[in-house]
Structure formats: structure tokens, C-alpha cells
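Peer 1: okay, sequence plus prediction incoming.
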Amino acid sequence: MIAKIIFSSFHFIGHVKNVKYASRILKSDFRTWTSLHYPVIPFKLSDIGEGIKEVTVKRSFLKPHQKLSQFEDVCEVESDKASVTITSRFDGLVKNVYFKEGDVITVGSTLCDIETGNESADPGNIIVEKELLMPAHENKPIIEEKTKFTHTERNQESAHIQKYPSEQTAEEVHSDKLLATPAVRRIARENNVNLHLLKGTGRGGRIMKEDILAYLNQPPKERFTPVFAEEAEISELVSGYQKVMVRTMTESNRIPTLGLSDEIDVTDLEILRKSIKTVLAVEGIKLSFLAFLVKAVSLSLVKYPILNAKFEGHDTIKYQNSHNIGIAVDTESGLVVPSIKDVTRLNIRQIAKEIQRLQKLADQNKLSIADTAYGTFTISNIGSIAGTVVKPLILPPQVAIVGVGRIRSLPRYDATDQIHKRLVVNVSWAADHRIIDGGTTARFSNLVKQYLENPGLLIVDG
Ligand code: COA
């Protein structure tokens, strides 16, 4: 570049006695020299939208005196609503930087000054009308002459700046991959236009002011006027059972969990249940499949107490004497998990009565803290609504849960390869794999299966 300047300057250097010295002057002072003649523009943080008044600078990409190209990153800023990257509108030289990382800056304040002349541009393309100044180290001027170089780009440069009049911003904001100037965004907001539906004609698909004006100039019929997404949303605070679910399920997701599913044939159990159900119905007791499952789980926990333990992620496993079997209940207010206390002491009739009581209270939103607390193991019988296989999540500090799918009639082979219509249900166990291994879970599952497939055992052991 310097070489070209010197070359272009030969006609003037020819007049200089000390040519060698003059070339040194040209080299050493070219920067000062050109900078004196280019406009310096204060580059301001303009309206980012969303009502944001101030932002914090997360990252700065600027250094004083660095060259900056159009669309090059200036800084990354964030507010409580958005995080955006501010990019330059101009090619130029950064003069002063007025912010640093961590600063809180308000909309409208100057980020830096940009000298819009392009030092790296081909000098043959720059119109330079300048006075050669003497080098700073000289006492008296050696050269004092007005020089004109022929340039073409300066006019284009000004035209380029004109393209972005002052009421538009000197910066570009891009977030959510949508590139548009804040001015364009403001017009969009004022006219309720979804910018995502516009095709930008600017560099990299940027939506220019002309694009949005052209869109707005269309007859309304040809325009699609969407409603802003946030206006179409309804906000609701998480509350009640949902609030508990947010906390426990988030915590649960951190547990390394082992999953295991199996199929249980409940044909014989259903025959038994139906035969007793009518008898108990006279007493107002509803005998469902769940009551048998609760008993089968409790009897199996006697042999595998680790699945009834409490573990809070430290170094102690607490084995619990009571089998307080929680049952997930679907209510109008959401999911709640009351527990049937001390199931080892209850028979199936009592369990059925307790399920009924808890279900009724849950429906009325009247469960006590005692009802919902102290669970040691959970059953989620989603199959009473729908579903074949479920992936349940452990309720910490409990260490195991079972999800039960819908009982279905399916063809199954017997021991002599004969096909029969059978009632089968899928059970899916989830266990805290930090303290329970797969073998233990599988053996426990087998025992529950044995109880449910041979319901007489429930009577014998229960
Ligand atoms: N598959 C098919 N039928 C089932 C079944 C299953 N998995 N579980 C129960 N049933 C049957 C019952 O045996 C009963 O049959 P019947 O009418 O012949 O007597 C019938 O479905 C109705 O039972 P229900 O009133 O639901 O009682 P229940 O004791 O089985 O279940 C609740 C009680 C409270 C657990 C249940 O109503 C519920 O809320 N389930 C949803 C649990 C849930 O949402 N889990 C997901 C948590 S993320």
C-alpha cells in the first residue's frame, strides 16, 4: 500500500530535493496524514428492542486503532431479556473505545469512535486531498505542498455512509439468526410485522429498511400480518402440584437410573379379583388390580429391602422398616403421590379401602401432609388411563419406582406351545443405579411377577 502511495506520488516527490527523506516522511506520517481527513463517527448503542434500556457487556472484540470491517463483531451484550452481538456498520479505524467487558451501558451511549476512511483500501481508489505535514521529529518543514491524488472510492464511501442515514443506527443487531438493523426492528414492531417472514436483500440475508418498506407498501390483502409470538402466548405461574413436580423431577433427572421392563400374565389374578370384587362392592369397597399390585410389591420388598431404602447421594443408605407405598394419582389439579402407610400390616381389603380414601381426597384436593409425605416406594399405574410401557422417574430420596401399563388381552403360548388369549400387563422398573444393580432389580421384578401370576401366594404370604 505504502509502495503504491509512493508510486502515485512520484510527480510530487520529483519536486523535492531530498527524495529519500520525503519517502520516509510519507511512510511515517501516512496514518496521521490520512486520518486527519476522514470523518470520525461516534458509534452508538441504539435501541435493541424488547424495551431494553441498558445492557451488560459480555465480550468486547475491539481494540483502539484496530481496523474494523462492516459486519465485524464489536461486542456481545446481554440484558435480562436477550443476548445480542453488535456488529459494525462501517469499514474503518477504531479511534477510541468507551467500554470494557462487564460495563453496564445504556442505550444511546457511544461505544467507540470509528474513522470511516479505509486504511487498507487501494490508495488508487481513494481520493485524498491533503496537506503533507512535516514529520514530528523535524524542526522545520521540509515539504509543504498541497497534493492531490486521484481516487474514486471516497465518493462511494460517502455514498455508502449516506445509505444509512443518521436516524438509522450505526450498528447492527442480530439475534435468533434474524439479521436486521434496530431501525428495521422498530418499524416492524410499530407495524406488527413478523420479520421472520421477510426475505432480506442485504448481505447475508439482512433485512434492510427498503425490504420492510416495500412489504408495508403492498396492498394489505397481499400482506400476511401475523401476530407476534409473545402476544399470542399466555403466561401462567407454575404452582401447586406442578411446583412440586418441577422440583422433584428435576432432582430425579440427576439420578443415574436403571430401567427394566417385563410382562406379567394377570389372567388368573383378574379372575380372582372379579370374583371377590362384587362381594366387597356390597361394603362399598372398590377392589381394583392396583390393590393386588401394592401387596405384591410390599411382599417382594421384604426380600429386597434395598428397593425400599432412602438414599440422598452421600455415603449412607437408610433402610426403612415401613413400606409406605406411594400411588401416583391423576387429579384435575395435577399429579399427586399420597402413600399407603405400613403396607406390611395391611391385607388387600384394607389396601383397597385406603386407595379409595386417598383417591377421593386427592380428587377433592384435600390430602393432608401426612398422606403425601413419608413414601418409601412408588407405583405409577398409568395403565388405568392408557399406555403399554412407561418410563417412570424415581421420587428422591426414594430409590425405586414402577410404572404399570394397560392390561391387555393378547395371544400367548403356554408350556406346550398352545396359543391362548391371556391378560398381560407390562411393568417398568426404575432403580437408583448408584446403589441398586440390575440383577437385584430383575430378581425383585421376578418375585412380584410370581405373586401376581400366582395370586394364591398373596393370600398365603399376605
Ligand atoms: N390396566 C387396565 N385396567 C386397570 C389398570 C391397568 N393398568 N389398573 C386398574 N385397572 C382397572 C381397575 O382394575 C378397575 O377395573 P374394574 O372397573 O373392572 O374394577 C378400573 O381399571 C378402574 O380402576 P381405577 O378407578 O383407576 O382404580 P385403581 O385403583 O386402579 O387406580 C388411581 C387408582 C388413583 C391410581 C388411578 O385412578 C389413577 O389416578 N391412575 C393414574 C396414575 C397416573 O397418572 N400415573 C402417571 C403418573 S406420571
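Peer 2: The structure has been received and is ready for your questions.
Peer 1: dihedrals phi and psi, residue 366?
Peer 2: phi -120, psi 20 (degrees, to the nearest 10).
Peer 1: packing partners for the lengthiest strand in the chain?
Peer 2: As assigned by DSSP state E, the longest strand anywhere in the chain is strand 419-432. Contact here means 3 or more CB pairs under 8 Å, 6 or more residues apart in numbering; DSSP states H and E; on that basis strand 419-432 packs against strand 257-265, helix 267-282, strand 400-404, strand 408-413, helix 438-453. For every residue, glycine as well, the C-beta is placed using N, CA and C.
Peer 1: tell me which of those sits nearest to the ligand.
Peer 2: Distance to the ligand, taken as CB to the nearest ligand atom, is lowest for strand 400-404 among these, at 5.0 Å.
Peer 1: can you say which of the helices and strands packed on strand 419-432 is packed in most?
Peer 2: Most buried of the helices and strands packed on strand 419-432, by mean neighbour count (mean count of other CB atoms under 10 Å): strand 400-404, with a mean of 25.
Peer 1: can you tell me the closest non-neighbouring residue to whatever residue of the stretch 351-462 of the chain ends up closest to the ligand?
Peer 2: Proximity of the stretch 351-462 of the chain to the ligand (CB to the nearest ligand atom) peaks at residue 383, 2.6 Å away. Of all residues not flanking residue 383 in the chain, residue 406 sits nearest, at 3.9 Å (CB to CB, 6 or more residues apart in numbering).
Peer 1: could you do residue 334 as well?
Peer 2: Residue 334 sits nearest to residue 241 (CB to CB, 6+ apart), 3.6 Å away.
Peer 1: the one you found is in what secondary structure piece?
Peer 2: Assigned by DSSP states H and E, residue 241 belongs to helix 240-252.
Peer 1: can I get the CA coordinates of that helix in PDB?
Peer 2: Output in PDB follows, covering the C-alpha atoms of helix 240-252 (Å, rounded to 0.1, in the frame of the first residue of the first chain):
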ATOM      1  CA  GLY A 240     -49.500 -26.300  43.400                       C
ATOM      2  CA  TYR A 241     -48.700 -29.900  42.500                       C
ATOM      3  CA  GLN A 242     -46.900 -28.700  39.400                       C
ATOM      4  CA  LYS A 243     -44.400 -26.800  41.500                       C
ATOM      5  CA  VAL A 244     -43.600 -30.000  43.500                       C
ATOM      6  CA  MET A 245     -43.300 -31.800  40.200                       C
ATOM      7  CA  VAL A 246     -40.800 -29.200  38.800                       C
ATOM      8  CA  ARG A 247     -38.600 -29.700  41.900                       C
ATOM      9  CA  THR A 248     -38.700 -33.400  42.300                       C
ATOM     10  CA  MET A 249     -38.500 -34.400  38.700                       C
ATOM     11  CA  THR A 250     -35.600 -32.000  38.100                       C
ATOM     12  CA  GLU A 251     -33.800 -33.600  41.000                       C
ATOM     13  CA  SER A 252     -34.800 -37.100  39.800                       C
END
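Peer 1: contacts for it?
Peer 2: With contacts defined as CB atoms under 8 Å, 6 or more residues apart in numbering, helix 240-252 is touched by 238, 331, 333-336, 393-396.
Peer 1: and what of stretch 255-262?
Peer 2: 389, 391, 393-394, 396, 426-434, 436-438, 441-442, 445-446, 449.
Peer 1: now list the buried members of those residues.
Peer 2: Listed as buried from the contacts of stretch 255-262 are 389, 393-394, 396, 426-432, 436, 441, 445, 449; burial here means 16 or more other CB atoms under 10 Å.
Peer 1: which one of these is nearest to residue 253?
Peer 2: residue 393 (7.1 Å; CB to CB).
Peer 1: the nearest residue to the closest one once chain neighbours are set aside: how many residues sit nearby?
Peer 2: Excluding its sequence neighbours, the residue lying closest to residue 393 (CB to CB, 6+ apart) is residue 252, at 4.4 Å. A count of nearby residues for residue 252, using other CB atoms under 10 Å, gives 19.
Peer 1: pull up the residues of the stretch 351-462 of the chain that are close to the ligand.
Peer 2: 355, 359, 380-385, 404, 406-407, 425 (CB under 6 Å from any ligand atom).
Peer 1: which of the residues you listed count as buried?
Peer 2: Among those, those buried by neighbour count (16+ other CB under 10 Å) are 355, 359, 380-383, 404, 406-407, 425.
Peer 1: where exactly do the helices run in this structure?
Peer 2: Assigned by DSSP state H, the chain shows helices spanning 2-8, 10-13, 19-35, 153-162, 182-190, 209-217, 229-232, 240-252, 267-282, 289-303, 348-363, 369-372, 438-453, 456-461.
Peer 1: which of these is buried the deepest?
Peer 2: By mean count of other CB under 10 Å, those have helix 289-303 as the most buried, with a mean of 22.
Peer 1: contacts for it next, please.
Peer 2: 266, 269-270, 273, 307-308, 323, 325, 327, 340, 343-344, 346-348, 351-352, 355, 377, 379, 381, 384, 402, 404, 407, 444, 447-448, 451-452, 455, 458, 461-462.
Peer 1: mind running it again at 7 Å?
Peer 2: Contacting residues not belonging to helix 289-303 are listed as 266, 269, 273, 307-308, 323, 325, 327, 340, 343-344, 348, 351-352, 355, 377, 379, 381, 402, 404, 407, 444, 447-448, 451-452, 455, 458, 461-462 [CB atoms under 7 Å, 6 or more residues apart in numbering].
Peer 1: likewise for stretch 454-462?
Peer 2: Contacts of stretch 454-462 (CB under 7 Å, 6+ apart): 268-269, 272, 292, 295-296, 299, 347-348, 450-451.
Peer 1: now tabulate the residues you listed in a markdown table and tack on pLDDT.
Peer 2: Shown next, in a markdown table, are the contacts of stretch 454-462 (pLDDT from 0 to 100):
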| residue | pLDDT |
| --- | --- |
| 268 | 98 |
| 269 | 98 |
| 272 | 97 |
| 292 | 98 |
| 295 | 98 |
| 296 | 98 |
| 299 | 98 |
| 347 | 97 |
| 348 | 97 |
| 450 | 98 |
| 451 | 98 |
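Peer 1: from those residues, which is closest to residue 110?
Peer 2: Taking the contacts of stretch 454-462 together and measuring to residue 110 by CB to CB, the closest member is residue 296, at 74.2 Å.
Peer 1: distance of the closest residue to residue 337 other than its chain neighbours relative to the ligand?
Peer 2: In space, and not counting its chain neighbours, residue 337 is closest to residue 326: 4.5 Å by CB to CB, 6+ apart. Distance, residue 326 to the ligand, by CB to the nearest ligand atom, to the nearest Å: 10 Å.
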